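Visitor: Let's see this in three dimensions:
(chains A and B)
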Amino acid sequence: MATFTERMGPVLLLWVAVCLSGSWAVDKGNFKTCDQSAFCKRQRAMKPGESPYRALLETMELTNTRLTLQLINDNNKVRLLLELYRLQGNITRVKINELKPLKPRYEVPDVLIREPPTEPLSLLSQDENGVVLSLGAESQRVIVSARPFRLDIVEGRDVLMSLNSRGLLGFEHLRMRKDTQADPEAENKEGTDPANPAETAKEEEEKVEDGMWEETFKTHTDSKPSGPSAVSLDFSLPGVEHVYGIPEHGDSLKLKTTDSGDPYRLYNLDVFQYELYNPMALYGSVPVMLSHNARRTMGIFWLNAAETWVDISSNTAGKTVFGKMLDYVQGSSETPQTDVRWISESGIIDVFLMLGPTPRDVFSQYASLTGTQAFPPLASLGYHQCRWNYNDQEDVRSVDAGFDEHDIPYDFIWLDIEHTDGKRYFTWDPHKFASPKEMLQGLQDKKRKMVAIVDPHIKVDTNYKIHNEIRSRGFYVKNKDGGDYEGWCWPGSAGYPDFTRPDMRAWWASQFAYDQYEGTMENLYTWNDMNEPSVFNGPEVTMHKDAMHESWEHRDVHNLYGLYVHRATAEGLIERSGGVERPFVLTRAFFAGSQRYGAVWTGDNAAEWDHLKISIPMCLSLGLVGISFCGADVGGFFKSPSTELLVRWYQTGAYQPFFRAHAHLDTPRREPWLFGPENTALIREVIRQRYTFLPYWYQLFYLAYQTGEPVMRPLWVEYPQDPATFALDDEFLLGRDLLVHPVTEEGARGVTAYLPGKHEVWFDIHTFQKHNGGQNLYIPVTMSSIPVFQRGGSIIPRKLRVRRSSTCMEHDPYTLYVALDNRRTAEGELYIDDGHTFNYEKKELMHRKFSFANGVLSSVDLEPNAQFTTKSWVERIIILGASKPSMVTLKTADGENQLEFDFDASMSVLTIRKPGMNAGADWTVTLQ
Amino acid sequence: MRFHIITAAFLWAAFVESRKIRGISSSYKRFYRERKSFLCIDGSKIIPFEQVNDDYCDCADGSDEPGTSACPRGRFYCTNLGFRPHYIPSSRVNDGICDCCDASDEYNSHARCQNTCWNLGQKERAYVEGQMKTLDEGLRLKQQLIEEGVLLWREKQAQLRELQRAAEDLQIKLEEHRKRKHEADRLKEQTLKALKAGDRGFRHQNSTVSHLFQLLDSNKDGSISLDEVKAKVVLVHDETRVLSEDEALTLLGGGHQMDLSKFQNTLWDVLTRGDGYKIKDAHSAPGGLMSEDPHLKAADRAAEWEAADLKKVEEAYETVNMEISDLQKKLEIDYGTDWEYLFLNGQCYKLKVYEYMYTLCPFNTVSQKSTAGTEVSLGLWGMWAGPAKNRYSQMVYENGEPCWQGGSRTTSVSKDQHAALASGRTQTWSTQSNFMCCVTSANVNPCDIWGRASFTRSLVLPAYSLTGTQIGSDKTIK
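Guide: Here you go, the predicted model:
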């Protein structure tokens, strides 16, 4: 402390003054509104109307894979090049760039997993007004209208989506700077000097507005060397009233209209103490929006990594339900429609129209472009214990022992920034963590693991190896004058490695090798924080937009930076094991495609009930755009939760994909056993519940890895025709089969859960009570209640022998929960592999399918070519909604034998005792 | 020794324990007598005896599976022959981690557990023996410290009484000296009054006039010359300036010579008025003349002498009183029921933690000094703050230097009995200093802490075992 004040005294005093005056909340003034972001203001000033753009049909070229034609802006005669592709899997790609830009404009690399394969486009008709192209068999067509330019995608007689139908296509072409900074007076003259009519005319066309060539926000000036370069485009979605996605925002699942305020902003920012229910940008950005109505689900993927704003308006917004009914009865009025408009600061327009039609189709379409969720190590689906900070090895040891003492399982304990030697990542504090391997071995002995933080800001310190190497290799991001960019972050003055460079990423990855990163071993994993990047003294707490990544401005790549950090780190963890072990890396910043590298959390939330509630829509939104491995800090990061809130948060977090408790340095300790025996028991119980469901979680992640389907999903994904589900975000589904309605109200005596599906039945997983679908069900709750339901018709494998960690449970037997539907059938799956290597790619896995029909439960192999053996066996089968059999027979390759069973008539639950067959065997169990 | 007996006792216990029923203690053996059926211990269910420990949980209380991991709330008994037996949760049976020192929990896992009970037992026995010794020695030490404490207490009390006596003596002396000084002052006053009264008497005046005349008449020729005036008479307000001819002439009444009779009528008046001229090196003409008075001189000296004496006595009195109040303050501190903590007063203990040196002076101060040299007060003696039952287990030092965001540093020092026992003949205190100070960063995280220090380390103080807990008794060994 003393040395610290000596070093930082003057700065500190100022900061202390600043912080003392602030109240608890984000300082919105630190972040731009659309009006304060020059390009957004300029583009948004453009109102719907006739577009100045015209398609020059004579320039059309149609090859087997794409159509190109030129667009001209009749106001300034600048020509654009439109490229249109039909991609495999019902996706249309529209690219618009300048025909002849002054210099290349940025096209986002490394997000698509490959150049998307195309399918032939065929010309259906053409006249002077436009062309009609076929999008394959399903009577889907693209209509390109020439004057003004617009694109319509139609199916039969229905318009699915229109582009530039409101005439908001905007494309600021690159230009030479007319005014010069050196002669500010010249600027004034130019505008008014009648002696130069040619110039004046030109000026009318290309008005020099404030903020085109330079922009100042607070004390920061953006030098804008390339001048204006924004792009924007509008999309109309007839028949659509619900749009979702474009995370990350602390807002509801269903996106709101933005007419009365700012657009949703996508710009990765380190927002201190973020507020909820507003469109402000947060730590990550995925420029993907889903639209949904009872007939169709579609997606728009706007591939642009620059600062982006998304406006949403709707012709039905604001109408009451009664008003809508009236419209319907009177047969009057327009069809509902949602209009969306994307605005980005630079780059090109490159947009993928994912045409569905089902939610699953959209997930697979998006997955075909950006890949699927990385298949995580099984242990990472367990419980994570984190805090800023576990102070030293002794602290880690005693927290670890606390879990054993209180018989609470956990898999990972985490170390935040204080574990390093002076915030120098890849190092350990020599006093507090003097023998990290010893500590890691201690955890290993209990089959537990650790995560240590590695942030991308690198302390500028010539005694720090990492810094010296990055500097000498020229790997740092440069400032506008060509020197190494330096910003202020945890270590003080810091450099930011240029992760957009493949050579930099390769070098970074190599630093995770066991012989490079001293004190590490295989049970140490990594956490990337502050990778927006966070720059304490930068504009909006991030990097200056005119910083340089080789030839590109930070402006162009900003939203990608976090993805690259995450990627390089994940690759490092893969490499250190020779490509054998799956990595686990958590990131705060993300972009489209980040799902391929690991987990994401919702950043620095707060110990407040609203933050608990918002964790549901925030993770649902991420899941819809491919990022399934999502979680919020259990307990809330800032502030201190009440015991009730903490318990409720554990109960919610246990049913969300990434389950980690975390807390700010300044908060009192909150390990699960610090709140009295009753609450310890409540928390223990819910963590144990999590562990019993690990086989199901693992199977869902395997599914997400294979198909891109979200693990945690909104109800409408499974019940797309039920409008009652469209805006639900206080409950959610895990896969198809578990419905979770956490208690997120303080002092709740009951919750009302919507059980979807008119023909479904749902079983309370705790009481086995059966409820019909298609109803709002009031459920009285106590502190121990977690309303969770298993869908009738599903079979969920669980492991009920909860042990110290997931790894300890590897060989344990399964209990199958068979929940029968109204037709007395059920289906489910079981996926098993070694839990931690990539050997599943070599088919070293076991994937079984269970089905129950006509009184026979059977297990068959879904992957006969795969090879894996397990010690696990089936210890119990619980059939919910069963009737009492007279005899239960197991048939395996070894023969037949009768099984004991127990029938609870009051709940119609049949428990079959110890069938005992190996989980990998083929078998049938027959009820007679 | 008694340890041998204990060891023998549990050797025997292990021998009679049923081999068949894994995971139960001998006291539970009666529930597991081999019969046709087994009644769950909670009485909830009867199952065939074959289903005991068959790796399937039948009883809600887990009693049918004491030796497997099948029941969620079950427990497994580690016999741990040669060491202490204990229960582990069933979930730790065959989880690949060695929990029982006799390796009995991992009978069907890939973990290769060694039986370490004998070693552990030996260590434990050695430890307990050591503890017994420590305890004995500790108790002896404690007794000694109590005795010392009592002696010290008495000594201090005696010292206090002595000081109080001295203070009383001094007070008497003080009275006496005050009286005497008062007397001397009065005498001096009288003399001065008499002298002033006598000034108007002629004889007195006469002798003084001639005395002054002689003073001025440097060459003793019976008259004062111009040069003599210039040499001896100066301006009252500017003694350094030599008088001019004219001024001297004026004083001599215009002539160059002045005899005694003329002097008495002229210059004498000027000089005795004392407002214009005076004799060089005299304060004022009349005063200077009076101080020459031998009576006055004697009275003055006497008064001064008495004042100095009084001051000395007063100082002594004050010092003694301060010592008394210091001692009283010290004696007011609670040093434990038997004054067993008294010896800590006046000591200081140092502890280095990372780059900081901590100094604890019990009943006084705690401070932290960084290698950079800045010293920060972490608190001043506050009070004993242990729980009601064990008040003397914790000290609190308060009102240390204030923190950035308000509040002042406080330190609590707790007695660490475990460490005390482990470290043999010492008593250990751990200090938990709560002196984090928050400093915050600009726009990002205004109220994040940037720097904080805390330490929990043991200070080893020379001491004794604290209580008479019967550590090492048969109970803990079993």
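
Visitor: switch to C-alpha atoms for all contacts and neighbour counts from now on
Guide: Noted.

Visitor: show me where pLDDT drops low in chain A?
Guide: For chain A, the stretches with pLDDT under 70 are A:1-24, A:137, A:179-207, A:317-334.

Visitor: can you check the stretch 1-150 of chain B too?
Guide: Across the stretch 1-150 of chain B, the ranges flagged by pLDDT under 70 are B:1-20, B:134-135, B:138.

Visitor: Domains in chain B, by residue range?
Guide: Residue ranges for each domain of chain B read B:20-114, B:158-197+B:207-333, B:346-438+B:453-459, as given by the TED database.

Visitor: now these as a markdown table including mean neighbour count and distance to chain A?
Guide: Output for the domains of chain B, formatted as a markdown table (neighbours: other Cα atoms under 10 Å in any protein chain shown; distance: least, Cα to the nearest Cα, whole Å):
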| stretch | mean neighbour count | distance to chain A |
| --- | --- | --- |
| domain B:20-114 | 19 | 5 |
| domain B:158-197+B:207-333 | 16 | 33 |
| domain B:346-438+B:453-459 | 18 | 7 |
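
Visitor: you'd agree B:Asn108 is in a strand?
Guide: No. Assigned with DSSP: H, G, I helix; E, B strand; the rest coil, B:Asn108 falls outside any strand and is coil.

Visitor: In contact with it: list those residues for me.
Guide: Taking Cα atoms under 8 Å, 6 or more residues apart in numbering or on different chains, we find B:Asn108 in contact with B:Asn94.

Visitor: hmm, back to that, least reliable of the domains of chain B going by mean pLDDT?
Guide: Lowest mean pLDDT within the domains of chain B: domain B:346-438+B:453-459, at a mean of 65.

Visitor: ranges for the helices of chain B?
Guide: For chain B, the helices defined by DSSP state H cover B:2-16, B:117-198, B:202-216, B:226-232, B:245-251, B:260-265, B:267-273, B:285-291, B:294-332, B:417-422, B:474-477.

Visitor: Need those in a markdown table (columns: distance to A:Tyr106).
Guide: A markdown table is the format used below for these (distance: least, Cα to Cα, whole Å):
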| stretch | distance to A:Tyr106 |
| --- | --- |
| helix B:2-16 | 78 |
| helix B:117-198 | 68 |
| helix B:202-216 | 113 |
| helix B:226-232 | 107 |
| helix B:245-251 | 107 |
| helix B:260-265 | 119 |
| helix B:267-273 | 108 |
| helix B:285-291 | 105 |
| helix B:294-332 | 78 |
| helix B:417-422 | 65 |
| helix B:474-477 | 74 |
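
Visitor: Which residues of the stretch 351-500 of chain A lie near chain B?
Guide: Within the stretch 351-500 of chain A, the positions near chain B by Cα under 8 Å from any Cα of the partner chain are A:Asp407, A:His431, A:Asp445, A:Lys446.

Visitor: doesn't B:Cys98 make contact with the third one?
Guide: No. Contact between A:Asp445 and B:Cys98 fails when scored by Cα atoms under 8 Å: they sit 9.1 Å apart.

Visitor: Reformat the domains of chain B as CSV; add distance to A:Leu168.
Guide: Compiled in CSV, these are given as follows (distance: least, Cα to Cα, whole Å):
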stretch, distance to A:Leu168
domain B:20-114, 63
domain B:158-197+B:207-333, 83
domain B:346-438+B:453-459, 50
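
Visitor: quick one, which of these is nearest to A:Met783?
Guide: If you check each of the domains of chain B against A:Met783 by Cα to Cα, domain B:20-114 wins as the nearest, at 21.1 Å.

Visitor: Nearest to A:Lys254, out of the domains of chain B?
Guide: Smallest distance to A:Lys254 across the domains of chain B (Cα to Cα): 39.9 Å, for domain B:346-438+B:453-459.

Visitor: Indicate which one of the helices of chain B is closest to A:Lys478.
Guide: That would be helix B:417-422 among those, by Cα to Cα, at 54.8 Å.

Visitor: Tell me the secondary structure at A:Arg397.
Guide: Three-state call for A:Arg397 (three-state DSSP): helix.

Visitor: residue contacts, the spatially closest residue to it that is not a sequence neighbour?
Guide: Distance criterion Cα to Cα, 6 or more residues apart in numbering or on different chains; nearest residue to A:Arg397, sequence neighbours excluded, is A:Met439 at 7.5 Å. By Cα under 8 Å, 6+ apart, the contact set of A:Met439 is A:Gln393, A:Val396, A:Arg397.

Visitor: next one: A:Ala306
Guide: Counting by Cα under 8 Å, 6+ apart, A:Ala306 touches A:Tyr267, A:Ser344, A:Glu345, A:Ser346, A:Gly347, A:Arg555, A:Asp556, A:Val557, A:His558, A:Asn559.

Visitor: Fine, thanks again, bye for now.
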